[in-house]
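Chemist: What follows is a predicted protein model with its sequence.
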Amino acid sequence: MRTILLWLARNQWLRQRLPRLAFMRRAVRRFMPGESMGDALVAAGPLQAAGIGTIYTRLGENLTEPAAAEVVANHYLALMDRIAELGIDGEISVKPTQLGLDLDADATFGHLAALATRAAEVRSFVWIDMEGSAYAEATIALYERVRGIHLNTGICLQAYLRRTAADVERLLPLDPAIRLVKGAYDEPAAIAFRHRRDVDANYLAVAAHLLRQTRSRPVRVGLGTHDVGLIERIAEHVAPSGVARDAFQVEMLYGIRARDQFRLARDGYRVQTLIAYGDYWYPWYMRRLAERPANVLFALRQLLP
Ligand code: FDA
């Protein structure tokens with residue numbers, strides 16, 4: 001089921017047609033407060049009141065025109081101004097191919113550097129998402145370049161990739177900010193762990209290693225997962241080494257395990273909610289369905305009057 005849904009996510013024909021269907025538009029609202037920047041910012045209110053920070057991502061990927069990447073970069077610059085005006089504790093998260101990585105890596109670097117500069121002015125932070133494995137090397141190289149200049153930048157690494165432990169070692173000399181996720185794409189066994197047990201074991205090992213670094217250097221760690229049991233296991237695992245539960249951030253997606261997000265914040269964890277918005281939601285939404293095929297039933301129920 002996961003493989004089929006991830007294939008559907010990549011299918012260009014469906015990408016153009018399915019988002020027009022009313023039931024799909026209703027279903028996606030479960031994970032997205034709306035399509036506009038304003039919708040996303042309004043959703044921050046109750047979260048901020050509970051001490052939960054927000055991260056914003058405007059959905060989009062694999063842009064084919066340099067001018068479109070510029071539009072995206074300008075959108076994020078305006079978003080950071082708005083976040084500052086509203087006094088929101090907010091950061092941004094961008095996909096490299098949404099800033100033109102398929103077209104021109106230097107131009108993508110330029111966009112990221114401009115975003116990081118503005119982020120520093122408004123005391124915000126820029127996260128770089130990790131896409132399919134074909135982009136892993138280029139994305140890490142991009143991060144090395146940006147992080148060399150801008151400290152307020154972080155990268156997402158995926159625990160299902162066999163290379164991730166080595167990538168962490170490679171990045172550690174930069175005192176990086178790393179968001180660790182399990183991974184949302186369909187990757188072959190040659191390069192990725194395919195079984196949940198193995199992904200979780202690698203997640204725990206990489207997270208614990210990173211968290212132990214936080215005792216002696218300014219490494220920032222985000223645990224980007226809804227697996228509350230795993231987060232609690234990691235916290236217990238590193239506690240004897242003197243790593244407290246506020247040494248890392250828990251990052252979850254808007255609309256998923258919402259009650260747990262508030263509970264973890266009450267329990268002393270530092271929580272951030274990633275709010276996605278925009279009209280190009282189809283592949284992103286299909287990846288959310290693939291993570292939990294029961295979501296397909298929820299989507300189909302939206303067919304009912
Ligand atoms: P897991 O799949 O084991 O789920 C644990 C529990 O969480 C489930 O039992 C269920 O209760 C709940 N849950 C998880 N997904 C759900 C869903 N879609 N709907 C409803 N409930 C769900 N990936 C990537 O490849 N590149 C990236 O840049 C990012 N960025 C990113 C940022 C943030 C803040 C998060 C939280 C996640 C990502 N991801 C990502 C996605 C990530 O790789 C992964 O696919 C999802 O987080 C789902 O896996 P979990 O870690 O939640 O665990």
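Modeler: On my side now, so go ahead.
Chemist: Alpha carbons of the helix or strand residue 71 falls within, as PDB, please.
Modeler: Remark: residue 71 resides in helix 66-86, with elements defined by DSSP states H and E. Provided in PDB are the C-alpha atoms of helix 66-86 (Å, rounded to 0.1, in the frame of the first residue of the first chain):
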ATOM      1  CA  PRO A  66      14.400  29.600 -12.500                       C
ATOM      2  CA  ALA A  67      11.900  32.500 -12.200                       C
ATOM      3  CA  ALA A  68       9.500  30.200 -10.200                       C
ATOM      4  CA  ALA A  69      12.300  29.600  -7.600                       C
ATOM      5  CA  GLU A  70      12.700  33.300  -7.300                       C
ATOM      6  CA  VAL A  71       9.000  33.700  -6.600                       C
ATOM      7  CA  VAL A  72       9.300  31.100  -3.900                       C
ATOM      8  CA  ALA A  73      12.300  32.800  -2.300                       C
ATOM      9  CA  ASN A  74      10.500  36.100  -2.300                       C
ATOM     10  CA  HIS A  75       7.400  34.500  -0.700                       C
ATOM     11  CA  TYR A  76       9.600  33.100   2.100                       C
ATOM     12  CA  LEU A  77      11.200  36.600   2.600                       C
ATOM     13  CA  ALA A  78       7.700  38.100   2.900                       C
ATOM     14  CA  LEU A  79       6.700  35.300   5.300                       C
ATOM     15  CA  MET A  80       9.600  36.000   7.600                       C
ATOM     16  CA  ASP A  81       8.700  39.700   7.700                       C
ATOM     17  CA  ARG A  82       5.100  38.700   8.600                       C
ATOM     18  CA  ILE A  83       6.200  36.300  11.300                       C
ATOM     19  CA  ALA A  84       8.300  39.100  12.900                       C
ATOM     20  CA  GLU A  85       5.500  41.600  12.600                       C
ATOM     21  CA  LEU A  86       3.100  39.300  14.400                       C
END
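Chemist: now for that helix, which elements pack on it?
Modeler: Packing contacts for helix 66-86, counted by 3 or more Cβ pairs under 8 Å, 6 or more residues apart in numbering; DSSP states H and E, involve helix 37-49, strand 53-58, strand 90-94, helix 105-121. C-beta coordinates here come from the backbone N, C-alpha and C atoms, glycine included.
Chemist: how many degrees apart are it and helix 37-49 in direction?
Modeler: 40 degrees (axes from the mean of the first three to the mean of the last three Cα atoms, to 10 degrees).
Chemist: Now helix 66-86: buried residues?
Modeler: For helix 66-86, burial by neighbour count (16 or more other Cβ atoms under 10 Å) applies to 69-70, 72-73, 76-77, 79-80, 82-84.
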